[in-house]
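Quick one: sequence and predicted model below, then my questions.
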Amino acid sequence: MKTTNKIFLVVLFCFSFISLNAQVVPGYMGKRAFLEYKLNSSIVEIAPPGFVFSHNVSFNYVLKRRMQLGLTYDYLSFKEPKNSDFQFSGKVRGDAIGVIAEFYLKNSLAPVGRYLSLEFKYVTGEYVGFIEQGNNYIPALLDYDIRVLSVGLGTRRVFYDRMVFNVGGSAGLGLLSEEEYSDDGVRLVRISNLWRMHIGVGVLLF
């Protein structure tokens with residue numbers, strides 16, 4: 001084979017390879033958006049029946065082959081911890097909105113495979129606490145807000161080209177003031193985000 005023909009074939013192969021890679025669409029079979037529900041459980045036993053559960057719904061969109069962003073909403077509610085270290089006796093509820101970025105690890109392509117997640121959320125809610133009135137403390141409904149930064153690991157799979165399944169865990173740091181940290185109700189919300197595991201299901205949209 002002539003040298004010019006060899007060069008032509010090499011150039012043609014290179015252009016074909018570049019073209020094929022350029023046509024690879026991020027996502028799963030071209031689908032880049034999915035909706036997901038996750039059930040979170042604290043790993044630390046702090047409340048009956050032993051652990052704090054919260055619900056999470058997120059809308060996620062694949063931006064790159066190994067990266068996606070999501071908007072999240074959480075809901076939590078628990079009451080009367082058994083742990084004697086806490087003097088709190090009442091009910092805590094809260095809502096959270098946040099953003100989450102997930103970075104897929106080697107040999108994984110978003111939204112399938114192992115990933116590292118970074119999440120920031122703003123938690124607000126209310127709880128029954130106690131306020132000082134004269135020489136006594138009386139129960140009162142109090143508000144709180146906490147900013148939580150967390151990092152996690154997980155793995156996600158897609159079944160039947162539509163259904164999403166997700167398992168993993170995370171560690172979160174609740175940013176509290178000194179006054180908030182001394183309040184048992186707010187501390188419990190912080191601890192519920194400290195070590196968590198999750199299981200989730202979802203559906204590919206488009």
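Ah, there it is.

so where's the protein uncertain?
Filtered on pLDDT under 70, the chain yields the residue ranges 1-25, 44-50, 80-90, 130, 132, 177-182, 184.

The same query, at a cut-off of 80, please.
Within the chain, the ranges that satisfy pLDDT under 80 run 1-25, 43-52, 78-91, 128-140, 176-188.

For the residue nearest to G113 when sequence neighbours are not counted, give the beta-bridge partners.
Sequence neighbours aside, Y104 is the residue nearest to G113 in space, at 5.3 Å (criterion: C-beta to C-beta, 6 or more residues apart in numbering). Placement of C-beta: from N, CA and C, glycine included. Y104 has the following beta-bridge partners by DSSP bridges: Y115.

Please list all residues in contact with Y104.
Applying C-beta atoms under 8 Å, 6 or more residues apart in numbering to Y104 gives the contacts 65-68, 110-111, 113-115.

rerun that using 7 Å as the cut-off
66, 110, 113-115 (C-beta atoms under 7 Å, 6 or more residues apart in numbering).

Now render the residues you listed as CSV, adding distance to V52 and neighbour count.
Formatted as CSV, these follow (distance: C-beta to C-beta, whole Å; neighbours: other C-beta atoms under 10 Å):
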residue, distance to V52, neighbour count
R66, 32, 17
A110, 30, 23
G113, 29, 16
R114, 26, 14
Y115, 24, 23
